[in-house]
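[1] Give me a model of this one.
(chains A and B)
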Amino acid sequence: MPHRLGPMQILPSPMKKFAADECVDYCIVGVGSAGGVLIQRLARAGLRVVGLEAGPFWDTEKDWVSDEKGSHELYWNDLRITGGTHPLALGANNSGKGVGGGSVHWAAFAPRFHPSDFRVYTEDGVGADWPISYWDLKPYYELLEREIPVAGPAWFPWGDPHGHPYGPHPLGGVGDVLVRGCTKLGIRSVAGGPVAILSASHGDRPHCIYRGFCLQGCKVGAKASTLITHVPDAITHGAEIRAHSMASRISLREDGRVDGVVYFDREGKEHFQRARAVIVSGYAIETPRLLLNSACPGHRHGLANSSGTLGKYLMAQAGNVVAGRFEELIRLYKAPPAHALSEEFYETDPRRGFARGFAVQTVGPLPVAFAKQMTAAMGAWGWGMRRVMMDYNHWATLGVLGEILPWEDNRVELADEKDQHGLPVAKVTFNLHDNDKKLIEFGKNKVMEIMWAAGAKQVVQESRFAHLVGAVRMGSDPSMSVVDKFGRTHDIPNLFVCDGSILPTQGSANPGLTIQALAARTADYLIQQGDATFFSNRRDLTEPGIRYDLSPPYTRFKGNPRIA
Amino acid sequence: MTRKSFPSHATGGELRDLEQPGYYGGFSTVSQKKSWEQATRNVVTDRIEKVPPIRFFSQDDAALLGAVIDRVMPQDDRSVERMIPILPVLDERLFKNSISGFRYEDMPSDQEAYQLGLKAIEEMARERFREPFVNLTVHRQELILKSIHDGQPDPANAVWEKMPIHRFWAMLMEDCVTAYYSHPWAWDEIGFGGPAYPRGYMRLENGLPEPWEKDEQRYEWNAPVDSLSQLEEQDAPPEHQSLHGHGGSH
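    From the prediction side, this is the model:
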């Protein structure tokens, strides 16, 4: 049987295999949201690239199921320690494992960040500024919106207003609740996107069938993951992706440049992949963990950590779920969980008494997830649990997506515990600060108000967190950040980081699209730098200029509606 | 094996020995399995047909935990052949040491947490009622468990000084609801459509059923009248800090 990626697409075969001792141009650690885009671009440009992925290379027809419990293997289930005053749940909440990474189980909301997100310190005196502006990233937002592609409303009114290449999805019951409640309160809302889910077929990918299992991996192939959007094209163009390959250490030469990655294969056997440059794309926990685990003489506190900020300024977004019970039936399991939102409260409003803001979004927990939420939100157990679940079809759920600021004490460190390879596991510490608490309180109350306005008879809420970014922040000051604006570490000229961990702040937008847009920009930079990356220590910070000829198939002739 | 709690009364008679509780009489997700694809069909069918053996817990611990689960996720209204296996699913998870990708810094491993939690529950039963937990009346079992649910163990026990009681409770609940609500018979009970690939859904709005789903047929449903695990309906608890795995939202 061929390796299937959705019902129409087949993984290109055979895949290039580099010889064991062969030195490649780039070794990329982690083939997820960022790694998938990077490897595809670099391969298209003719570079010799290997991607090491800790998890499996999914065959979506064989490996994925329309089932909550049966989808456990999509997540990073290896041990991590979580603590602090507000410990983050990890695993299924925010960490993928396998080709496609977190993009396999994201809900696929794909809003852009707002222009203000790049200037948080300048505008509000909190958080940090980015070393780039929204306008540097905008062409990449537009390009990725065509590549993955994004379906949504013709008029998205917030931030830099824009339209979407594919039309909006039909409204489900939960989206209807969001629109109804917001409208009653005079709050603008949009529905049917923006989501990286197809509303019409696209090349060898069919459109959405509204079965609601987005978070369990989209067997339909309608929801974008780099597994189906970029990885096939990478393989067609000569990249090699090695699944079940867990990187343990980046190797540093005496001249202060890296020369490859040590990793364990499926059987626990150690290998060394030589490379002229290394890009770490392991996301906000595994990336700092690998750099910390790569400490060596000259880099005693972790690779590229002369600033002492490696692992610090980790962020998660407030993700409170507000559930409302209605007289009428909702059937929240139908339609994509992500399909309507409002960013009316995204920007700082001084009258609210805190900096920055939040978004209001639909969520669609399936029965197991919903029952867990009722444990927390209502204290339901025993007959009470049975009763509330018998009303499952009467509930609608909306989420707060709130911006938590980057704080130095929210961090990733190494724990004393070791994993199956003997590598120290990550210890994650997360504390809420005053601004965060005020923001969450306001956001939670606002979403509850929306739920009541929509006509709910009972409203409850659960405090939780969503997404992970930061911990390897990008910045122009090498004493305050780990990487520069192209993801190159300040300390090591041929070591790069490209994933959500480089984000200096996070806005109240789901980070997936921004991570992919940054990856495409870094790829353009690396390609434009050519061999200089491999031999020169000179740091060129000029913008590379966007390449429109490196996109995967079916991107051409698609357009972003422009709004005057 | 299972101690039944008192019958529950409802319009039209007592809720006992039901093949299918809930408001969706005649709805069967499994009857639709021909329209599911193979991988999903295998996973869901195995859940009904292949109940894993008990390998992690000792016989005594299994009996004790079974009694706890009967109160935490009661199925007294279900007929014996339609009981959803929970203990075997939990036992298998611990036997394989399958975790959710993290451990709270103030918690022991999942395996150890269950051993400690069971020890505490048994000691609490013997101290308060001078009998093993499994021999207690349903009401007395609920008294012990409710005190753990409330975070105010009665009687106090040394285990809860070492292990945060609310985290243990959250993990127990998470394991129980995962086993129960991942079973197709529970989907029938709550009217969840179940797997829907490759067919998909076509009626997205207004809570309308697909042609193969059933509309709700509501009646007055009552939990056993003096059960302590009934919802205190109108007042949601102040703020239960979220403790579970958080999967499945955004």
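[2] A:Arg257 contacts A:Ile492, doesn't it?
    Yes. Between A:Arg257 and A:Ile492 a contact is recorded at 6.4 Å, counting by C-beta atoms under 8 Å. C-betas here are computed from N, CA, C, even on glycine.
[3] More neighbours: the two, which one.
    Legend: neighbour count by other C-beta atoms under 10 Å in any protein chain shown for A:Arg257 and A:Ile492, higher for A:Ile492 (21 against 17).
[4] so who does that one touch?
    A:252, A:256-258, A:303-304 (C-beta atoms under 8 Å, 6 or more residues apart in numbering or on different chains).
[5] For the buried ones among those, write the corresponding PyMOL selection.
    A single PyMOL command selects the buried members of the contacts of A:Ile492 (16 or more other C-beta atoms under 10 Å in any protein chain shown):
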select buried, chain A and resi 252+257+258+303+304
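[6] Do a quick rundown of the helices in chain A.
    Using DSSP state H, the helices of chain A run over A:33-44, A:60-63, A:120-124, A:134-147, A:173-184, A:226-229, A:231-236, A:283-293, A:367-378, A:382-390, A:434-453, A:512-529, A:532-535.
[7] Give me whichever of those helices is most buried.
    Scoring the helices of chain A by mean neighbour count under mean count of other C-beta atoms under 10 Å in any protein chain shown gives helix A:33-44 as the most buried, with a mean of 30.
[8] what packs against it?
    strand A:24-29, strand A:49-52, helix A:226-229, helix A:231-236, helix A:512-529 (3 or more C-beta pairs under 8 Å, 6 or more residues apart in numbering or on different chains; DSSP states H and E).
[9] Strands along chain B, start to end?
    Secondary structure of chain B by DSSP state E: the strands cover B:8-10, B:13-15, B:103-104.
[10] just to revisit the earlier point, can you tell me which of the helices of chain A comes nearest to B:Gln230?
    helix A:382-390 (5.3 Å; C-beta to C-beta).
[11] Could you pull up the mean pLDDT of the closest one?
    The average pLDDT within helix A:382-390 is 96.
[12] elements contacting that helix?
    Packed against helix A:382-390, as judged by 3+ C-beta pairs under 8 Å, 6+ apart, are the following elements: helix A:367-378, helix B:165-181, helix B:184-190.
[13] Can you give the distance of that helix from its chain's centre?
    34 Å (C-alpha atoms, centre = their mean, to the nearest Å).
[14] just the angle between that helix and helix A:367-378, please?
    On the basis of axes from the mean of the first three to the mean of the last three C-alpha atoms, to 10 degrees, helix A:382-390 is oriented at 120 degrees to helix A:367-378.
[15] Chain B contacts on the stretch 1-150 of chain A?
    Within reach of chain B by C-beta under 8 Å from any C-beta of the partner chain, the stretch 1-150 of chain A has these residues: A:7, A:61-70, A:72, A:75-83, A:87, A:89-95, A:107, A:109.
[16] that older thread, quick one: which of the helices and strands packed on helix A:382-390 is nearest B:Glu105?
    That would be helix B:165-181 among the helices and strands packed on helix A:382-390, by C-beta to C-beta, at 10.7 Å.
[17] Relative to B:Gly22, which of the helices and strands packed on helix A:382-390 is closest?
    Among the helices and strands packed on helix A:382-390, if distance is taken as C-beta to C-beta, the winner is helix B:184-190, at 3.6 Å.
[18] which residues touch that closest one?
    The contact list for helix B:184-190, computed with C-beta under 8 Å, 6+ apart, reads A:367, A:389-390, A:392-393, B:20-22, B:24, B:27-30, B:44, B:47-48, B:82, B:84, B:180-181, B:193-194.
[19] List only those of those flagged as buried.
    A:367, A:389-390, A:392-393, B:21-22, B:24, B:27-29, B:44, B:47, B:82, B:84, B:180-181, B:193-194.
[20] Could you list the low-confidence segments of chain B?
    Residues of chain B meeting the criterion pLDDT under 70: B:1-13, B:233-250.
[21] which residues in it form helices?
    Using DSSP H, helices in chain B cover B:38-49, B:59-72, B:87-95, B:110-129, B:138-149, B:159-162, B:165-181, B:184-190.
[22] what's in contact with stretch B:128-148?
    By C-beta under 8 Å, 6+ apart, stretch B:128-148 touches A:381-382, B:3, B:5-6, B:63-64, B:67-68, B:71-72, B:121-122, B:124-126, B:153-155, B:165, B:168-169, B:226-229.
[23] CSV for the helices of chain A, including distance to B:Lys96?
    Below are the helices of chain A laid out as CSV (distance: least, C-beta to C-beta, whole Å):
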stretch, distance to B:Lys96
helix A:33-44, 29
helix A:60-63, 18
helix A:120-124, 45
helix A:134-147, 39
helix A:173-184, 35
helix A:226-229, 26
helix A:231-236, 30
helix A:283-293, 23
helix A:367-378, 18
helix A:382-390, 26
helix A:434-453, 36
helix A:512-529, 31
helix A:532-535, 44
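[24] quick one: which of these is nearest A:Ile404?
    helix A:434-453 (4.7 Å).
[25] List buried residues within the contacts of stretch B:128-148.
    Buried members of the contacts of stretch B:128-148, counted by 16+ other C-beta under 10 Å: A:381-382, B:5, B:63-64, B:67-68, B:71-72, B:121-122, B:124-125, B:153, B:165, B:168-169, B:227-229.
[26] To what extent is B:Asn135 buried, counted in neighbours?
    So B:Asn135, with other C-beta under 10 Å, has 12 neighbours.
[27] same check, this time on A:Glu328
    The burial count for A:Glu328: 11, using other C-beta under 10 Å.
[28] And A:Gly46, by the same measure?
    Neighbour tally, A:Gly46, other C-beta under 10 Å: 11.
[29] For it, give me the pLDDT.
    98.
[30] now swap in A:Asn94 and tell me
    A:Asn94 is given a pLDDT of 87.
[31] try A:Pro561
    87.
[32] ok, it to A:His162 distance?
    Distance, A:Pro561 to A:His162, by C-beta to C-beta, to the nearest Å: 8 Å.
[33] So if I had to pick from those two, which one is more boxed in?
    More crowded of A:Pro561 and A:His162, by other C-beta under 10 Å: A:His162, with 24 against 12.
[34] Test my guess that that one contacts A:Arg112.
    Yes. Counting by C-beta under 8 Å, A:Arg112 is a contact partner of A:His162 at 7.2 Å.
[35] so what strands line up beside the longest strand along chain A?
    Counting by DSSP E, the longest strand found in chain A is strand A:270-280. Sheet pairing of strand A:270-280 (DSSP bridges) gives strand A:24-29 (parallel), strand A:258-264 (antiparallel), strand A:495-497 (parallel).
[36] so which of those is the most packed in?
    Taking mean count of other C-beta under 10 Å, strand A:495-497 is the most buried of those, at a mean of 27.
[37] what would the helices of chain B look like in TSV with distance to A:Thr236?
    Shown next, in TSV, are the helices of chain B (distance: least, C-beta to C-beta, whole Å):
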stretch	distance to A:Thr236
helix B:38-49	26
helix B:59-72	52
helix B:87-95	40
helix B:110-129	43
helix B:138-149	56
helix B:159-162	56
helix B:165-181	40
helix B:184-190	40
